[in-house]
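S.K.: 3D, please:
(one chain, ligands or ions: 2)
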Amino acid sequence: MAHDEQILAASQKHPIKPLDKGQLYKYGTAGFRMNADLLEGVTFRVGLLASLRSRKLGGQAIGVMVTASHNPAVDNGVKVVDPMGEMLEQDWEKFATALVNAPSDDDLVKTYNKLATDLKINLNIPAKVIYGRDTRPSGHTLVTALAAALDATKTEHVDYKLLTTPQLHYLVRATNSEGTPMSYGKVSEAGYYEKLATAFVRAMKGKKIEGQLVVDCANGVGGPKLTEFLKYIPKDKVNFDVKVVNDDVLRPEVLNLDCGADFVKTKQRAPPSPKPRPGVRSCSLDGDADRLMYYWVDPETGFFMLDGDRISSLAASFIGELVEAANLKDSLRIGVVQTAYANGASTNYITQHLRLPVVCTPTGVKHLHHVAQGYDIGVYFEANGHGTVLFSNDALSTFKNTSPQSPAQKDALDTLSAMADLINQTVGDAISDMLMVEVILAHKGWSLRDWAMTYTDLPNRLVRVEVGNKDLFATTDAERRLSSPEGAQEEIDYEVKKYKDARSFARASGTENACRVYAEAATRSEANELAERVARIIERYGGGGL
Ligand SMILES: CC(=O)N[C@H]1[C@@H](OP(=O)(O)O)O[C@H](CO)[C@@H](O)[C@@H]1O
Ligand SMILES: [Mg+2]
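M.R.: Ligands and ions are numbered 1, 2, ... in the order given. Predicted structure coming up:
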């Protein structure tokens, strides 16, 4: 049974807007993301793709999240979530791109049917798609277009309305694992809160959380969701004093404005409002609550930020100690996954001090996630604060089935089990990661200053370089070296050699029309100078500035 007539009729109501000559829509690292005015037709077509994907996978539920994360309020985006809560399989990104770029409604129907034929998809079997959106006002129009595509293709669908991105990932996995031995939790937003709150209490083991935590929610969906979550923590078990700030979701224009995890990371300062109180432990989520930054403003030394590298090394250190205390050091492989943007000092700390292996992958969490899955316990974070810790099924059953020989070993096994439930296994989750950090600090009895003392970051600089054609730049060695244009890497090497403890690399951004240059060196001025020099090389090879 084809859906031609229905798709045609519905598509006319949610038409695609042509881009400027020669430009195509592209399913990238963050799905389709751009000014929301362009996205109605795109989202309709993503609905067709999600339906095809569900049928291809025997009717398993596929997720669609409507969000533009830390972008300004006028933008929006749409991305697809696979059955176990992972990002859409990479091979399918080009199918999404093909559907969205079909020039006319007739072409769209042809592309849809061709994909069904080529991929041997039976259009008669049931399909299911579940979806949610962040607080952007444009989200309404976009999910209406999405629902129209799902109706046209006779796809069962559930609208979860406002959600954080990681909550939608949770719900996709919970839906598909419901009633199986690997059930991930109750299939509801409340189920997510219950799972996290129960695991949080178990992981805390009666330890005390020192002082108040101020959480800046970027005026995004994380605000109301965190407030809701906090109601699930039994006060008699854990006294968690949280002050939720920047949680205004009624004025769309303030979303991500001078606040949020991306602001903190890129500006390297605390959000100006509310005025930071010196010494108070603080953290920021981004607009869809999948990134996390910790920081405090020291009365003497000023602002100090604990980013994804710090969260990663903190998690690796704690979990490494627990695995040792549980006597599992020889049976479970722990690994840490980073990108080239990780500060060299964090890599040294993890390999030399924690004695854990570090693997470097290309930018984009799908790459890190994939490599982390190869370990029994895989810790991965991007420096920007997006990441999680993955536990293999083997690790989970080992925690459960090992008979402890001492109270200390039992304690460690219980805490590991609780951590595996507390940490979102599908994707980086700012709320879950924040709870993980709070548990670790409470267990170690650490302040943010103690955490910051573990190692000293190498001074570094990230520069955005506008070039005539970023596609001239190709990389190798997990983006740490340029394979083209010819000669550019030799020039970078020549500059790097002039500095002590220096490292620098350049690559084309996957999300912006520009290149990025990263440099680190022994001193701040050297890191700045090196970054500037490499930026000039990139400009020259990239066809000059725009
Ligand atoms: C240096 C940097 O922060 N790059 C970001 C950025 O990718 P680019 O390909 O560098 O534009 O956006 C990605 C998606 O959000 C994120 O995964 C990544 O970490
Ligand atoms: Mg985000």
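S.K.: Which residues of this protein lie near ligand 1?
M.R.: When proximity is defined by C-beta under 6 Å from any ligand atom, the chain lies next to ligand 1 at 29-30, 341, 363-365, 382, 384, 509-512, 516. Where you see a C-beta, it was placed from the backbone N, CA and C, and this is true even at glycine.
S.K.: let's go with 5 Å and repeat that
M.R.: Thr29, Thr363, Gly364, Glu382, Asn384, Ser509, Gly510, Thr511 (C-beta under 5 Å from any ligand atom).
S.K.: TSV for those residues, including pLDDT, secondary structure and neighbour count?
M.R.: TSV is the format used below for these (pLDDT from 0 to 100; DSSP: H, G, I helix; E, B strand; the rest coil; neighbours: other C-beta atoms under 10 Å):
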residue	pLDDT	secondary structure	neighbour count
Thr29	84	coil	16
Thr363	95	coil	21
Gly364	92	coil	19
Glu382	98	coil	25
Asn384	96	coil	24
Ser509	93	coil	16
Gly510	86	coil	15
Thr511	81	coil	12
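S.K.: Could you verify that Gly378 is part of a helix?
M.R.: No. Judged by DSSP: H, G, I helix; E, B strand; the rest coil, Gly378 forms no part of a helix; its state is strand.
S.K.: heads up, I number from 22, so please use that
M.R.: With the count now opening at 22, the last piece we talked about shows up as Gly399.
S.K.: Could you give the bridge partners of it?
M.R.: Assessed by DSSP bridges, Gly399 has beta-bridge partners Gly356, Leu411.
S.K.: and Pro425, how many neighbours?
M.R.: 14 (other C-beta atoms under 10 Å).
S.K.: got it, and the one 10 residues further on?
M.R.: Applying the criterion other C-beta under 10 Å, we find 17 residues in the vicinity of Asp435.
S.K.: That one touches Val222, doesn't it?
M.R.: No. Look at Asp435 against Val222 with C-beta atoms under 8 Å: they stay out of range, at 11.8 Å.
S.K.: The residue in the chain that ligand 2 sits nearest to: helix or strand, and which one exactly?
M.R.: Using C-beta to the ion, Ser90 is the residue of the chain that sits closest to ligand 2, at 3.2 Å. For Ser90, there is no helix or strand it lies in under DSSP states H and E.
S.K.: likewise the one 3 residues further on?
M.R.: Secondary-structure element containing Pro93, defined by DSSP H and E: none, the residue being outside all helices and strands.
S.K.: what's near enough to touch it?
M.R.: Counting by C-beta atoms under 8 Å, 6 or more residues apart in numbering, Pro93 touches Leu276, Asn277, Leu278.
S.K.: again, 10 Å this time
M.R.: Asn56, Arg157, Pro273, Glu274, Leu276, Asn277, Leu278, Gly308 (C-beta atoms under 10 Å, 6 or more residues apart in numbering).
S.K.: Quick check: phi and psi on it?
M.R.: Main-chain dihedrals, Pro93, degrees, to the nearest 10: phi -60, psi 160.
S.K.: Kindly report the same for the one 3 residues further on.
M.R.: As for Asp96, its main-chain torsions (degrees, to the nearest 10) stand at phi -90, psi 160.
S.K.: And for the one 5 residues further on?
M.R.: The phi and psi values for Val101, taken as degrees, to the nearest 10, are phi -110, psi 140.
S.K.: For stretch 251-267, the averaged confidence score.
M.R.: Across stretch 251-267, the average pLDDT comes to 97.
S.K.: Report the buried residues of that stretch.
M.R.: Leu251, Tyr253, Ile254, Val259, Phe261, Val263, Val265, Val266, Asn267 (16 or more other C-beta atoms under 10 Å).
S.K.: what does stretch 483-496 give?
M.R.: For stretch 483-496, burial by neighbour count (16+ other C-beta under 10 Å) applies to Val484, Val486, Val488, Lys491, Leu493, Phe494, Thr496.
S.K.: quick one: what helix or strand has the last one in it?
M.R.: Under the criterion of DSSP H and E, Thr496 resides in strand 495-497.
S.K.: strand partners of that strand, parallel vs antiparallel please.
M.R.: Note on strand 495-497: by DSSP bridges, its sheet partners are strand 502-505 (antiparallel).
S.K.: Could you list the buried residues of the partner strand?
M.R.: Neighbour-count burial for strand 502-505 [16+ other C-beta under 10 Å]: Arg502, Leu503.
S.K.: So which elements touch the following helix or strand past that strand?
M.R.: Next along the chain after strand 502-505, taking DSSP H and E as the criterion, comes helix 509-517. Identification of packing neighbours for helix 509-517 by 3 or more C-beta pairs under 10 Å, 6 or more residues apart in numbering; DSSP states H and E yields strand 502-505, strand 524-529, strand 536-541, helix 545-562.
S.K.: repeat that with 6 Å
M.R.: strand 502-505, helix 545-562 (3 or more C-beta pairs under 6 Å, 6 or more residues apart in numbering; DSSP states H and E).
S.K.: Tell me which of the ones you listed is the most buried.
M.R.: Of the helices and strands packed on helix 509-517, the one with the most neighbours on average (mean count of other C-beta atoms under 10 Å) is helix 545-562, at a mean of 19.
S.K.: got a list of contacts for it?
M.R.: Residues outside helix 545-562 that contact it (C-beta atoms under 6 Å, 6 or more residues apart in numbering): 480-482, 484, 486, 506, 509, 512-513, 516, 520, 523, 525, 527, 536, 538, 540-542, 566.
S.K.: Apply 7 Å and report the result again.
M.R.: The contact list for helix 545-562 (C-beta atoms under 7 Å, 6 or more residues apart in numbering) reads 480-482, 484, 486, 488, 493, 506, 509, 512-513, 516-517, 520, 523, 525, 527, 536, 538, 540-542, 566.
S.K.: Now the buried members of the residues you listed.
M.R.: For the contacts of helix 545-562, a burial check counting by 16+ other C-beta under 10 Å picks out 480-482, 484, 486, 488, 493, 506, 509, 512-513, 516-517, 520, 523, 525, 527, 536, 538, 540-542.
S.K.: where does this protein have low pLDDT?
M.R.: By pLDDT under 70, the low-scoring segments of the chain are 22, 565-567.
S.K.: 90 instead, please
M.R.: In the predicted model of the chain, residues 22-23, 41-43, 49-51, 531-534, 564-567 satisfy pLDDT under 90.
S.K.: coming back round to it: export the residues of the chain next to ligand 1 to a markdown table and tack on distance to Thr138?
M.R.: Listed next are the residues of the chain next to ligand 1 as a markdown table, based on distance: C-beta to C-beta, whole Å:
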| residue | distance to Thr138 |
| --- | --- |
| Thr50 | 29 |
| Thr384 | 35 |
| Gly385 | 31 |
| Glu403 | 38 |
| Asn405 | 41 |
| Ser530 | 36 |
| Gly531 | 31 |
| Thr532 | 33 |
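S.K.: just the residues you listed now: which is nearest Val358?
M.R.: Checking these against Val358 by C-beta to C-beta gives Glu403 as the nearest, at 9.6 Å.
S.K.: Smallest distance to ligand 1 belongs to which residue of the stretch 72-221 of the chain?
M.R.: Going by C-beta to the nearest ligand atom, ligand 1 is nearest to Ser90 of the stretch 72-221 of the chain, at 6.7 Å.
S.K.: and the buried residues of stretch 483-496, which two are the farthest apart?
M.R.: Val484 and Leu493 (17.6 Å).
S.K.: Let me see the contact set for Ile444.
M.R.: Ile444 is in contact with Thr409, Val410, Ser453, Met457, counting by C-beta under 7 Å, 6+ apart.
S.K.: I should have written Ser525 there, sorry.
M.R.: Counting by C-beta under 7 Å, 6+ apart, Ser525 makes contact with Ile513, Val517, Val538, Tyr539, Ala540, Leu551, Ala552, Val555.
S.K.: Without its sequence neighbours, what residue ends up closest to it?
M.R.: Sequence neighbours aside, Ala540 is the residue nearest to Ser525 in space, at 4.0 Å (criterion: C-beta to C-beta, 6 or more residues apart in numbering).
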